[in-house]
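In: Model the following, please.
(2 chains)
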Amino acid sequence: MLNSIMIGLSAIFEPMNFLAVLAGVVSGMTIGALPGLSATMGAALIVPFTFFMEPIPAIAMLSALYCGATYGGSISAILVNTPGTPAAAVTTLDGYELSKQGHAGKALGTAVIASGLGGIFSVVILIFVAPQVAEIALKFADPEYFSLAIFGVSMVANISSDNELKNIIGGMIGIFLATVGMDSLTGFPRFTFGFSSLTSGIDFIPVMIGLFAFAEVLRQAQTYIKSETNTEIAGLLPSFKELWPLKWSMLRSAVIGTFVGILPAEGGTVASFIGYNEAKRWSKHPEKFGTGLLEGVAAPETANNAATGGAMVPTLTLGIPGSSTTAVILGGLMIQGLQPGPLLFATQPKFVYSIFVAMGLANILFLIVGLGGAKVFAQVTKIPIYILNPIVMVLCIIGSYSLGNNVADVWIMIITGLIGFVIKKVGFSPAPIVLGLVLGSLVEVSFRRAMTIYDHNYLIFFQRPFSAIFLSLALLSILWPFITKTIKHRRQSQQGN
Amino acid sequence: MKKNPTFITAVIMILIATLLFISTYSIQVSGEQGNRLGPRFFPRLMLGLIIFFNLVLAYQSYRYPEEQKKVKPIPKDKQNRFIGTAVLGVLTGFSFNYLGGFTAIFLFVLLFLIIWNQKRIKVLVLTPILVTAGAYLLFHELLSVRMPKGIIDALFL
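Out: The predicted structure follows:
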């Protein structure tokens, strides 16, 4: 393993690769700092640029962007009480309070240090855990892959939305969209309706750009109100004496964040909320949370950045995205002709370990850049939305087009953007659709191949231990929100009586 | 009955899924495969599940309308901007091929700023020029993306 890490280190310190990581971190921090632009949206907008790159710098840049954007979200959360990314929502509670009290510097310093440490912790775990998971996954055949993909899609039930059923439907729609185009096993066209551009199927890049970026611009068109923002950074950075008491809280959040990140379809947002709640629960002064505590900044920021490394575990080892951003990174991997999964570790060890090192380096780089350039990134939040949104839209249009120099992809982006806006309004989340679309062909192909190999024996999915475990977990994750809801309703009615 | 957006969405989805389900009969199949696990099987399974879950959603939203997400209408003063942005997106899709990629982008940025109520002449002039020039340098020159030339771009490129 040490040898592989050394190979990864030497690869990442090649000038082009290092520059790609640095570019990923800086663009990630910028995107993260801008309210309305999430890490997923940033990654979706950057993916088209990676068509023109080698696999290592391409994925290293996307991974670095993921780390940088997750931290970047805290900048606007602390300075202007508007989380740059959903994962930084809970950081506003204490971060903005500190800012109002004239301690913005301390809050930003704590956020960057906590984020960096959380990220590095999760990368270390990633380096040790991922190869072990990949080794187990090498024994998987079609039934296991089918069950695993179902488990991955089933986890969407828990993605934030007002209704779990809507998430499940979203996942199904995504899987259905993956069936459009030429059937991969027989070559017969499906749902092309005479459009030759649909024969190769619906690519998930324009869908992702439409759902995450264009839909967001439309949302801002109906909500944007001009506001004055105060981005002055007052106060000094936190001292060692102030940071040392936070060590257990940060360690706890790092463990929580990494674990939550590993769970398919869970991400930094869930991790940050759990990290904050646990810090409050374990605190001797829980009543002080929300009044401007450094611990209230450190805990969620450690957790959400720890989730980045965790989310890469299922993405790289099993080909199941750990979050919506890693779903985009997964798309980036596929564009490079790489099939994420256990074989990636066996056939491309240099690539895999380069990505691990790139993520570690990204966390160190944003620590340096964040501490040194907080004032510069604070200015980013001042960019007016009427300048930012046309730039985002231009990136949406050219990004979709450059996928295959095809105007049809621009249309797919526009249509999914419009649909994405409407369905989000009625409570559907776009993430399950993307997850379903990314995993759709794996679900179908592994199911049909398993059926052919095992002579249409449907029980095969329950007879093989790993497959049975994944299907049981899938069933549990689909039913879990309904179980907890029922329990909650019963408790409420009992209390009412 | 009060407006119930979730119920309406579920019904629309059921209708679309049903139409798509019917269209699966036109998918070509070969021999025995068509009856078992051919190219029709999986889309039908998914569409069946989409119909089933939407029926549950429709029932749930009808039975417990108070538990459904309240859809905020678009504020009146923002309606023009919202509709304008959406229409502009669609028009850009059309003009992309006919006028040319960069011309479409230039016009898009200019009209976007107007729709978003930008009145400063400096911003209205400089932003479309700078964004289009930036897009040209980055995509055309650096990344060699060949945009559609259309009738206007063809005069310059």
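
In: What are the neighbouring residues in contact with residue B:154?
Out: residue B:100 (C-beta atoms under 8 Å, 6 or more residues apart in numbering or on different chains). Yep, even glycine has a C-beta here, placed from its N, CA and C like the rest.

In: Go again with 10 Å.
Out: B:99-100, B:103, B:148 (C-beta atoms under 10 Å, 6 or more residues apart in numbering or on different chains).

In: Could you chop chain B up by domain?
Out: B:5-67, B:76-156 (automatic domain parsing).

In: closest one to residue A:58 among the ones you listed?
Out: Closest to residue A:58 of the domains of chain B is domain B:76-156 (C-beta to C-beta; 12.8 Å).

In: Quick one: end-to-end distance for that closest one.
Out: Domain B:76-156 has an end-to-end distance of 42 Å (criterion: C-alpha to C-alpha, to the nearest Å).

In: buried ones in the lowest-mean-pLDDT helix or strand in chain B?
Out: None of the helices or strands of chain B scores lower by mean pLDDT, DSSP states H and E than helix B:150-156, at a mean of 83. Within helix B:150-156, the residues that count as buried by 16 or more other C-beta atoms under 10 Å in any protein chain shown are B:150, B:152-153.

In: Okay, now the unreliable bits of the stretch 101-250 of chain A?
Out: Low-confidence segments of the stretch 101-250 of chain A (pLDDT under 70): A:156-162, A:224-236.

In: Strands of that one, start to end?
Out: Ranges of strands within the stretch 101-250 of chain A are A:181-182, A:189-190, based on DSSP state E, counting those that start in this stretch.

In: Tell me which of those strands is the most buried.
Out: Mean neighbour count (mean count of other C-beta atoms under 10 Å in any protein chain shown) peaks for strand A:189-190 among these, with a mean of 22.

In: Let me see the residues that make contact with that strand.
Out: If you take C-beta under 10 Å, 6+ apart as the criterion, strand A:189-190 is touched by A:179-183, A:195-196, A:198-199, A:201, B:23-24, B:26-28, B:39-40, B:42-43.

In: Got a ChimeraX select line for the buried ones in the residues you listed?
Out: Applying 16+ other C-beta under 10 Å to the contacts of strand A:189-190, the buried members can be selected in ChimeraX as follows:
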select /A:179,180,181,182,183,198,201 /B:24,27,39,40,42,43
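
In: So which of the contacts of strand A:189-190 belong to helices?
Out: B:23, B:42-43 (DSSP state H).

In: restrict the residues you listed to those near chain A?
Out: B:23, B:42-43 (C-beta under 10 Å from any C-beta of the partner chain).

In: Now that we have those, can you turn them into a markdown table and tack on pLDDT?
Out: Shown next, in a markdown table, are those (pLDDT from 0 to 100):
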| residue | pLDDT |
| --- | --- |
| B:23 | 92 |
| B:42 | 88 |
| B:43 | 92 |
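
In: Of these, which is the nearest to residue A:112?
Out: Among these, and counting by C-beta to C-beta, the member closest to residue A:112 is residue B:42, at 46.9 Å.

In: what about that closest one, distance to residue A:190?
Out: Note on residue B:42: its distance to residue A:190, by C-beta to C-beta, to the nearest Å, is 9 Å.

In: Find residues that contact each of those two.
Out: With C-beta under 10 Å, 6+ apart as the test, residue B:42 and residue A:190 both reach A:179, A:183, B:24.

In: In contact with the first one, which residues?
Out: Neighbouring residues of residue A:179 by C-beta under 10 Å, 6+ apart: A:190-191, A:201-202, A:440-441, A:443-444, B:24, B:27, B:39-47.

In: The second one too?
Out: Applying C-beta under 10 Å, 6+ apart to residue A:183 gives the contacts A:189-190, A:201, A:444-445, A:448, B:27-29, B:38-40, B:42-43.

In: Ok, the last one next?
Out: If a contact means C-beta under 10 Å, 6+ apart, then residue B:24 has A:179, A:190-191, B:39-44, B:47 as its contacts.

In: let's go with 7 Å and repeat that
Out: B:40, B:43-44 (C-beta atoms under 7 Å, 6 or more residues apart in numbering or on different chains).

In: Show me which of those residues is closest to residue A:305.
Out: residue B:43 (39.9 Å).

In: any chance of the contacts of residue B:24 in a markdown table, plus distance to residue A:384?
Out: Shown next, in a markdown table, are the contacts of residue B:24 (distance: C-beta to C-beta, whole Å):
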| residue | distance to residue A:384 |
| --- | --- |
| B:40 | 52 |
| B:43 | 45 |
| B:44 | 50 |
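
In: Surely residue A:61 is within a helix?
Out: Yes: the assignment for residue A:61 is a helix, going by DSSP: H, G, I helix; E, B strand; the rest coil.

In: one step back: list just the nearest of the contacts of residue B:24 to residue A:280.
Out: Nearest member of those to residue A:280, counting by C-beta to C-beta, is residue B:43, at 47.6 Å.

In: which residue packs closest to the closest one, ignoring adjacent ones?
Out: Using C-beta to C-beta, 6 or more residues apart in numbering or on different chains and skipping the chain neighbours, the partner closest in space to residue B:43 is residue A:179 (4.5 Å).

In: Please state the backbone phi and psi of that neighbour?
Out: phi -90, psi -10 (degrees, to the nearest 10).

In: OK, contacts around the closest residue to residue A:85 other than its chain neighbours?
Out: Among residues not flanking residue A:85 along the chain, residue A:73 sits closest, at 3.2 Å (C-beta to C-beta, 6+ apart). By C-beta under 7 Å, 6+ apart, the contact list for residue A:73 reads A:32, A:83-85, A:87-88.

In: Show me which residues of the longest helix seen in chain A are buried.
Out: Across chain A, the longest stretch assigned as helix under DSSP H is helix A:104-137. Under the neighbour-count criterion of 16+ other C-beta under 10 Å, helix A:104-137 has A:104-123, A:125-127, A:129-131, A:133-134, A:137 buried.

In: try stretch A:363-374
Out: Buried residues in stretch A:363-374 (16+ other C-beta under 10 Å): A:363-367, A:369-370, A:374.

In: how about these in a markdown table, adding pLDDT, distance to chain B and secondary structure?
Out: Listed next are those as a markdown table, based on pLDDT from 0 to 100; distance: C-beta to the nearest C-beta, whole Å; DSSP: H, G, I helix; E, B strand; the rest coil:
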| residue | pLDDT | distance to chain B | secondary structure |
| --- | --- | --- | --- |
| A:363 | 91 | 28 | helix |
| A:364 | 91 | 28 | helix |
| A:365 | 90 | 23 | helix |
| A:366 | 85 | 24 | helix |
| A:367 | 88 | 29 | helix |
| A:369 | 87 | 23 | helix |
| A:370 | 84 | 26 | helix |
| A:374 | 72 | 27 | helix |
